[in-house]
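Peer 1: Next one to model:
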Amino acid sequence: MAPLTTDLVTVAAGAASAKTIEPTVVIEVGDLIAITDYFVISSGSNDRQVRAIAEEVERQVKGNGGQSPRAIEGLDDARWVLMDYGDFVVHVFSDEARAFYDLERLWSDAPRLAWESRLDRIEA
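Peer 2: Numbers count the residues shown, from 1 in each chain. Presented below is the predicted three-dimensional model:
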């Protein structure tokens, strides 16, 4: 049986969060846009950390029964890495790019997924 999208989103958020001290946010955008259901947003303080976060997300999602991303963009300069999983999109920013694009403010009307409370259930 394939894992639930919310489980994979939770895994992706947990993986990102494990590699950074910056907050990782999951925004439910499915009712607002047709291209995906969730945005996972995280950031790192330098390009090495941004790449490490993206690699850990991919490793953890695959390790929990998910597929590889359909596409990955932005790894070359690592200011904004976008990982498209279809049902969810992971955005890994540099700290400066995250503040500049401010997706959390842009999508402030969208509900947040309390992924931290779901992580214990998935890891059990």
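Peer 1: Low-confidence stretches in the chain?
Peer 2: 1-2, 122-124 (pLDDT under 70).
Peer 1: Go ahead and name everything in contact with the longest helix belonging to it.
Peer 2: Ranked by residue count, the top helix of the chain under DSSP state H comes out as helix 47-63. With Cβ atoms under 8 Å, 6 or more residues apart in numbering as the contact definition, helix 47-63 has outside contacts at 8, 11-12, 14-16, 18-20, 40, 42-44, 67-69, 72, 75, 77-79, 81, 83, 85, 90, 92-94. Glycine gets a C-beta too; all of them are placed from N, C-alpha and C.
Peer 1: mind listing what the very next helix or strand once past that helix pairs with, with the direction of each?
Peer 2: Using DSSP states H and E, the next helix or strand after helix 47-63 towards the C-terminus is strand 71-73. Partner strands for strand 71-73, per DSSP bridges, with pairing direction: strand 80-84 (antiparallel).
Peer 1: residues in contact with the partner strand?
Peer 2: 36, 50-51, 53-54, 57-58, 69-75, 89-94, 97, 101.
Peer 1: for stretch 103-122, same thing?
Peer 2: Contacts of stretch 103-122 (Cβ under 8 Å, 6+ apart): 6-7, 9-11, 13-14, 24-29, 31-32, 38-39, 41, 64, 91.
Peer 1: Quick one: end-to-end distance for stretch 32-51.
Peer 2: 29 Å (Cα to Cα, to the nearest Å).
Peer 1: Any buried residues in it, and which?
Peer 2: 37-44, 49-51 (16 or more other Cβ atoms under 10 Å).
Peer 1: mind putting those in TSV, distance to Leu119 included?
Peer 2: Converted to TSV, the buried residues of stretch 32-51 look like this (distance: Cβ to Cβ, whole Å):
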residue	distance to Leu119
Asp37	18
Tyr38	15
Phe39	18
Val40	13
Ile41	16
Ser42	14
Ser43	19
Gly44	20
Gln49	21
Val50	22
Arg51	23
